[in-house]
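# Need the 3D shape of this:
(one chain, ligands or ions: 1)
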Amino acid sequence: MNLLKKSLTALTICAAAAGATLVQAAPVELKFAHVVAENTPKGQMAIKFRDLVAERLAGKVEVKVFPNSQLFGDNKVLEAMLLGDVQMAAPSLSKFQKYTKSLQLFDLPFLFKDMAAVERFQSGPTGQEMLGSLKKKGLIGLGYLHNGMKQLSANDPLRTPADASGKKFRIMTSDVLQAQFEAVKGVPLKKPFSEVFTLLQTKAIDGQENTWSNIYSKKFFEVQPYITESNHGVLDYLVVTSTEFWMGLDEDVRSELSKALNEAIAHGNAIAAQKAEDDKQAIADSGRSEILMLTDAERQQWVDAMKPVWAQFASEVGQKNIDAAVASNK
Ligand code: LMR
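Model (predicted):
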């Protein structure tokens, strides 16, 4: 090869290499932040989503999961999402009241009789319509994810509403949950999930409400001697992203992400159902906390005390939505 030919070949190789780096853009980074442990329905769902995306969109999108409030607590994550600092999260439905009133429906006490009713409602027309309730705020609800029914834990046994009187309960940032505890003369305090264990351990608060998997994975049962199986409300999630991020993606990428997310949610939901049983059993086996079962008459007292909260919030959440939720119990 003469010198000219050699340098021409070298030039071609360089140009090809430069071209290749130009077309091969860095993958889109998708940060998924949440507040719970990894061994929970939400933790497992996020991992499944990350893995499916790695398999199907390698080089195009990379999902990074931040559990345990490592990146943002639930009270900050939506603001951060609108600023582009995080792209996906799944806060509980109780944490959206600054953005929409309609999702407060899910906090109404004794609204759904079990998780099957919650599922029927969420997959039905009213539940699906509510996914779009954040649109005006620049957020998109991509799907619901289950955790489960909430139980009441405390330093003292809670059998009737009178037992809750004067006690301090940590609640999520929800006015409905505030009204729920005020209805039994409790003292509700809105606090981030990341602070609950310490608040309980130091006895700064007397009790809290949560699902079996959260009580187990965050060790609340180790610092709460009594858990009443009240099933008085639901703790589910809305998987959200920002409109700006989501609509900025190529259509084929968006559609692959949607598919992966739906599969990850189905995976998380199956784990939620199993964990509600397993984690309750693990708590019972630990001997650290006594699980109290209510008689029908005791449970009815909680229903009678808390249900007036529905009327208090009917105009905000919509009577038609309440009716649709009640109908899902059949
Ligand atoms: C809570 O704050 O108690 C829950 O929303 C935590 C969670 O995300 O399950």
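# How about the residues of this structure by the ligand?
The chain has residues Val35, Val36, Asp74, Ser92, Asn147, Met172, Phe193, Asn210, Asn214, Leu235 near the ligand, with proximity defined as CB under 6 Å from any ligand atom. All C-beta spots, glycine's among them, are computed from the backbone N, C-alpha and C.
# change it to 8 Å
34-36, 40, 42, 74, 90-92, 94-95, 147, 170, 172, 192-193, 196, 208-211, 214, 235, 237 (CB under 8 Å from any ligand atom).
# Look up the closest residue to Pro308, ignoring the ones flanking it.
Ala183 (6.4 Å; CB to CB, 6 or more residues apart in numbering).
# same question, Thr173
Leaving aside its sequence neighbours, Thr173 sits nearest to Lys190 (CB to CB, 6+ apart; 4.8 Å).
# ok, the residue nearest to Pro308 - contacts?
Pro109, Pro161, Ala305, Met306, Pro308, Val309 (CB atoms under 8 Å, 6 or more residues apart in numbering).
# Can I get these in TSV including neighbour count?
TSV is the format used below for the contacts of Ala183 (neighbours: other CB atoms under 10 Å):
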residue	neighbour count
Pro109	25
Pro161	18
Ala305	18
Met306	22
Pro308	12
Val309	23
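# closest to Gly127 among those residues?
Using CB to CB, Pro109 is the member of those that lies nearest Gly127, at 18.7 Å.
# Just to check, the closest one is in contact with Gly233?
Yes - using CB atoms under 8 Å, Pro109 and Gly233 qualify as a contacting pair, with a distance of 5.2 Å.
# which neighbours do these two share?
Shared contacts of Pro109 and Gly233 (CB under 8 Å, 6+ apart): Gln180.
# could you list every residue that touches the residue nearest to Thr173?
Lys190 is in contact with Ile171, Met172, Thr173, Ser174, Gln178, counting by CB under 8 Å, 6+ apart.
# Show me what it is bridged to.
Ile171 (DSSP bridges).
# what does His146 give?
Under the criterion used (DSSP bridges), His146 bridges to Asp236.
# so what does the helix or strand harbouring Ala179 touch, helix or strand wise?
Assigned by DSSP states H and E, Ala179 falls within helix 175-182. The contact analysis (3 or more CB pairs under 8 Å, 6 or more residues apart in numbering; DSSP states H and E) places helix 175-182 against strand 168-171, strand 187-190, helix 309-317.
# ok now the first one, how far from the chain's centre?
Counting by CA atoms, centre = their mean, to the nearest Å, strand 168-171 is centred 19 Å from the centre of its parent chain.
# What of the second one?
When C-alpha coordinates are averaged (CA atoms, centre = their mean), strand 187-190 and its chain have centres 20 Å apart.
# That one: which residues count as buried?
Pro188, Leu189 (16 or more other CB atoms under 10 Å).
# Return the alpha-carbon coordinates of it using CSV.
This file holds the C-alpha atoms of strand 187-190, laid out as CSV (Å, rounded to 0.1, in the frame of the first residue of the first chain):
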residue,chain,number,x,y,z
VAL,A,187,-54.0,12.9,67.4
PRO,A,188,-52.7,12.4,63.8
LEU,A,189,-49.3,13.7,62.7
LYS,A,190,-48.2,13.9,59.1
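# For the protein, which segments are assigned as strands?
Listed in chain order, the strands of the chain (DSSP state E) span 28-33, 61-66, 88-89, 139-149, 151-154, 168-171, 187-190, 207-210, 226-229, 234-242, 290-293.
# what is the mean pLDDT for the first one?
Averaged across strand 28-33, pLDDT comes to 98.
# By mean pLDDT, flag the weakest helix or strand of this protein.
Lowest on mean pLDDT, DSSP states H and E among the helices and strands of the chain sits helix 3-23, with a mean of 47.
# what does stretch 287-297 contact?
With CB under 8 Å, 6+ apart, stretch 287-297 has contacts from 153, 157-159, 221-222, 224-230, 280, 283-284, 302.
# among the helices and strands packed on helix 175-182, which is the most enclosed?
Among the helices and strands packed on helix 175-182, ranked by average contacts under mean count of other CB atoms under 10 Å, first place goes to strand 168-171 (a mean of 22).
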